[in-house]
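**Student:** Build me a model:
(one chain, ligands or ions: 2)
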Amino acid sequence: MEAVVQQVDAREILDSRGRPTVEAAVVLNTGHKGVASVPAGASTGTAEAMELRDGEPHRYGGWGCRKAVANVRGTIARALVGRSFAHQKELDAALIELDGTGRKERLGANAILAVSLAFARASAACRGIPLYEYASDMVGFRAARLPRPSVNLFSGGCHAGRQVSLQDVMLVPHAATIDDCLAMVFSVYQEAVRWCRERYGVRPLKADEGGLAPDFPSSEAMLDDAVRSIERAGLTPGRDMSLAVDIAATHFVKDTTYILDDESCDAEKLIARLEKWSERFPLVSIEDGLAENDWEHWPILQQKLGAKLVIIGDDLLCTQPARIEQAIRLGAAGGLLLKVNQIGTLSEAASAWRLAHDAGWHVCVSARSGETEDHWLADLAVAWGHSIKVGSLAQSDRLAKYNRLLEIEHQTGWPLWPVAARSTIHGVEDS
Ligand code: PGA
Ligand code: ZN
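**Tutor:** Ligands and ions are numbered 1, 2, ... in the order given. Prediction:
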């Protein structure tokens, strides 16, 4: 006998930008309870599922989530209470059907995902297993490895007032444990603070994900400064610590022209620039090197650089199975940035993971720039990710995830995935 949903509740809480978001709670008749809250992006893709916001200009500038909360407490609760669901997929299918729209705009992806996650937590508790095991079971794959952290060092673009175009420069430590990775990142981050002070004459302010955001003269200077910070920490770039970048090119394209810092260029020129950067800097992955709808040029980028590093699609793919299938068919990328709230339920994100996995891609499980202290993302990354992208070693919304990874490492002792791992080197599949 499966557990019956006894109670579904929700409320507004505040995220790391001080904006409201949705926290949902699901209680089963066994007494097990799951609570989960959802994040929000700023550098969003147009194909993402719809977050329902109140749009009342005088309350939180329109960012309120009272309508989404009311949808959980009303329509969703009425539809779920008293029913049992054999799998996560059954619950998610009920939510999708109840919403009935392509982008979840009726009930709101924020309302739906909060319930999907809270149900997952309650079900994992009911089965007496950790959430990462529950997520592994969902896809029938248990790798027993931990995701390699990709930690934000410098921010530009939408996350830092657009002082330069490049959105994120991340540190990818080569250490063997989460514990050692974080200690290495800490020393580079501290060196970067000192270096920025010397170079820019100010204590650098922090951007949305805790990344340092001084007035870099150019995107390339961000990369130079990152390499310099690694060296000043006594580490060897490319051997002890590599870099990953999120170009977030969707956010500096106009029609077919990219405006990188102050320079206008076409896609070919931008690709040539990325090639140059991949030669000059120890890059292991490039995310959104081109805009979300530039399907023509993504395969060229993948062809030129895909063997050397991982070409990751974020806005391009939006964790949407149809877009991922298209990218696989066209050979447009080699990695998926997996963000559950881009699609709106855990099961649909699992389908996205399955496609990427079967194509031999790299999977990076990612937080959003607006986060809460909830740490379900760490469990999801352990189950599904070769790497995890959470932001800097700063702010409790980021640290909650790192602390949960440390806890899982402490409990399991599992090794980390290699740098820029791909699904082809995976171990054994469960049936
Ligand atoms: P977002 O950006 O969470 O602000 O959308 C993160 C990213 O682009 O990866
Ligand atoms: Zn991105």
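
**Student:** Relative to residue 21, how far out is whichever residue of the stretch 101-250 of the chain sits closest to ligand 2?
**Tutor:** Closest residue of the stretch 101-250 of the chain to ligand 2, CB to the ion: residue 246 (4.3 Å). C-beta: built from backbone N, CA, C; applies to glycine. Distance, residue 246 to residue 21, using CB to CB, to the nearest Å: 22 Å.

**Student:** same check, this time on residue 267
**Tutor:** Per CB to CB, residue 267 is found 35 Å from residue 21.

**Student:** ok, those two, which is more surrounded?
**Tutor:** residue 21 (27 against 21; other CB atoms under 10 Å).

**Student:** Please name the residues that touch that one.
**Tutor:** Contacts for residue 21 (CB atoms under 8 Å, 6 or more residues apart in numbering) come out as 12, 13, 14, 15, 37, 38, 39, 40, 65, 110, 370, 372.

**Student:** would you say the last one is within a strand?
**Tutor:** No. With DSSP: H, G, I helix; E, B strand; the rest coil as the criterion, residue 372 is assigned coil and is not in a strand.

**Student:** Tell me, how many residues neighbour it?
**Tutor:** A total of 23 residues lie near residue 372 under the criterion other CB under 10 Å.

**Student:** looking at it, it is touching residue 398, isn't it?
**Tutor:** No. Checked against CB atoms under 8 Å, the pair residue 372 and residue 398 is beyond contact range at 10.8 Å.

**Student:** Tell me which residues touch residue 156, please.
**Tutor:** Applying CB under 8 Å, 6+ apart, the residues near residue 156 are 162, 163, 164, 165, 166, 167, 168, 213, 216, 219, 222.

**Student:** Let me have the residues you listed in TSV, adding neighbour count as columns.
**Tutor:** Converted to TSV, these look like this (neighbours: other CB atoms under 10 Å):
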residue	neighbour count
162	13
163	18
164	24
165	22
166	26
167	33
168	29
213	23
216	26
219	24
222	27
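
**Student:** so of these, which ones are in helices?
**Tutor:** Members of the contacts of residue 156 lying in helices (criterion: DSSP state H): 219, 222.

**Student:** rewinding a little: how far away is the residue of the stretch 101-250 of the chain closest to ligand 2 from residue 372?
**Tutor:** Residue 246 is 21 Å from residue 372, by CB to CB.

**Student:** if we look at stretch 298-314, which residues are touching it?
**Tutor:** Stretch 298-314 is contacted from outside by 45, 246, 248, 267-268, 271, 274-275, 278, 283-290, 316, 323-324, 327, 330-337, 339, 362, 364, 366, 420, 422, using CB under 8 Å, 6+ apart.

**Student:** Give me the mean pLDDT for that stretch.
**Tutor:** Mean pLDDT, computed over stretch 298-314, is 98.

**Student:** Find the residue closest to residue 240 in space, skipping its chain neighbours.
**Tutor:** Spatial nearest neighbour of residue 240, chain neighbours left out: residue 174 (5.6 Å); criterion: CB to CB, 6 or more residues apart in numbering.

**Student:** Likewise for residue 417?
**Tutor:** residue 386 (4.4 Å).

**Student:** which ones are touching that neighbour?
**Tutor:** 147, 148, 362, 363, 364, 417, 420, 421, 422, 423.

**Student:** again, but for residue 105
**Tutor:** Going by CB under 8 Å, 6+ apart, residue 105 touches 50, 52, 99.

**Student:** Dump the contacts of residue 21 into a markdown table; add distance to ligand 1 and pLDDT as well.
**Tutor:** Putting those into a markdown table (distance: CB to the nearest ligand atom, whole Å; pLDDT from 0 to 100) gives the following:
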| residue | distance to ligand 1 | pLDDT |
| --- | --- | --- |
| 12 | 20 | 98 |
| 13 | 18 | 98 |
| 14 | 17 | 98 |
| 15 | 11 | 98 |
| 37 | 15 | 98 |
| 38 | 12 | 98 |
| 39 | 7 | 98 |
| 40 | 7 | 98 |
| 65 | 17 | 98 |
| 110 | 14 | 98 |
| 370 | 7 | 98 |
| 372 | 13 | 98 |
